[in-house]
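Student: just the structure for this:
(one chain, ligands or ions: 1)
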Amino acid sequence: MATGKVRISLDFECGWGVAADGQWRANQAAGIYRDLRPALKHFTKQLDDLEFALTWAVVGAMIDDPEKRDFSHLRGQYARDIGEFLAEADEATIDGRDLLDTISGMRTPQLFGTHTYSHLLFSDPEQGVDVFAKDLARAKEANEAFGLDCTRLVFPRNHFGHFDIVRAAGITHVRMPPRNTPDPTNRPGRIRRAWSLYSRPVSPVWEEEDSSGLTLHYASEFLNWGVSGGSLKRYMHQHRISRALAHAANGADVHFWLHPFNLSQTPGLKDFMDDFLRQIAEYRDRGLISVTGF
Ligand SMILES: [Zn+2]
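Tutor: As a prediction, the model looks like this:
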């Protein structure tokens, strides 16, 4: 019987994750969201061939009917950023309904969760508890319109908090950062982040229940070395991923994550993922691990 576990979750968001900092403009100009379409077809075909069911944490607004999209709950700068994003970004940067069709059309049924409705940071001091509650309620409606589960939450940028509200919104599990990483809301500098990434040991999944009854799931190894990464960074990152996978083959429970758009953004990542998925399938077929979502 397999003892190790590989979990993979996807932060499924098109341009929403960078709506506030304006990075979507450069990404869009580089064709990343356009090229995401064929890249996702390739990736999901691979998942289907290997019969992997992963968890897709969906930004609700991305799959919502454009006529029904509602951001009247947002306040302050984030409300203005989203207004600008919706007014100026291309459809392929905002709307992911066609991407969801690709995933829903797979032979291997996938697992779903939410990444909030508007990619709202739970650390944003301009929002109130009512805003977080409303954003999760809208996320739930958006998922449920497609019959998608909405009991698992991946906090945008791992800025976690307001567990009582999250639990009251019907969420049972939240993804937390690995237990041995710097506080994500502290904006650790590049050097500190790089040091942490390469020096800290792989942190297997750790789950605990908080006083609200919510399961806090501490985990995650990022599968992307980034566009700006030179060959050394790429090598070190790939080495880290191999090390994490070896832990799983030795019985650990390891959670990996990726943004689907990274596949069309980072040179070489698509091929790397093909090999990575094949390696996981080989371990599974040898009975060393099981493969699942978050
Ligand atoms: Zn995100």
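Student: show me the shaky parts of the stretch 151-294 of the chain.
Tutor: Counting by pLDDT under 70, the stretch 151-294 of the chain shows low-confidence ranges at 187-188, 190-198, 229.
Student: again, 90 this time
Tutor: 178-203, 220-221, 225-237 (pLDDT under 90).
Student: what residues does it put near the ion?
Tutor: residue 156 (CB under 5 Å from the ion). Yep, even glycine has a C-beta here, placed from its N, CA and C like the rest.
Student: in the stretch 151-294 of the chain, what residue is nearest the ion?
Tutor: Among all residues of the stretch 151-294 of the chain, residue 156 sits closest to the ion, at 4.6 Å; criterion: CB to the ion.
Student: check the chain too.
Tutor: residue 17 (3.7 Å).
Student: burial of that residue, as a residue count?
Tutor: Using other CB atoms under 10 Å, residue 17 is surrounded by 20 other residues.
Student: show me where the stretch 101-250 of the chain has helices.
Tutor: 129-144, 163-168, 190-199, 231-249 (DSSP state H, counting those that start in this stretch).
Student: which helices and strands does the very next helix or strand once past the last one pack with?
Tutor: Beyond helix 231-249 in the direction of the C-terminus, DSSP states H and E gives the next helix or strand as strand 253-258. In terms of contacts (3 or more CB pairs under 8 Å, 6 or more residues apart in numbering; DSSP states H and E), strand 253-258 is packed against strand 4-12, strand 221-222, helix 231-249.
Student: quick one: name the residues of the stretch 1-150 of the chain near the ion.
Tutor: Selection of the stretch 1-150 of the chain residues close to the ion by CB under 5 Å from the ion yields 11, 13, 17.
Student: on the pLDDT front, check the residue lying closest to the second one once chain neighbours are set aside for me.
Tutor: Using CB to CB, 6 or more residues apart in numbering and skipping residues adjacent in sequence, the residue nearest residue 13 is residue 59, 4.4 Å away. pLDDT, residue 59: 98.
Student: out of the helices of the stretch 101-250 of the chain, deepest packed?
Tutor: Mean neighbours per residue, mean count of other CB atoms under 10 Å, is largest over the helices of the stretch 101-250 of the chain for helix 129-144, with a mean of 19.
Student: contacts for it next, please.
Tutor: Contacts of helix 129-144 with the rest of the structure, by CB atoms under 8 Å, 6 or more residues apart in numbering, involve 58, 60-61, 63-64, 70, 73-75, 112, 114-118, 120, 122, 149-150, 153, 162, 165-166, 168-171.
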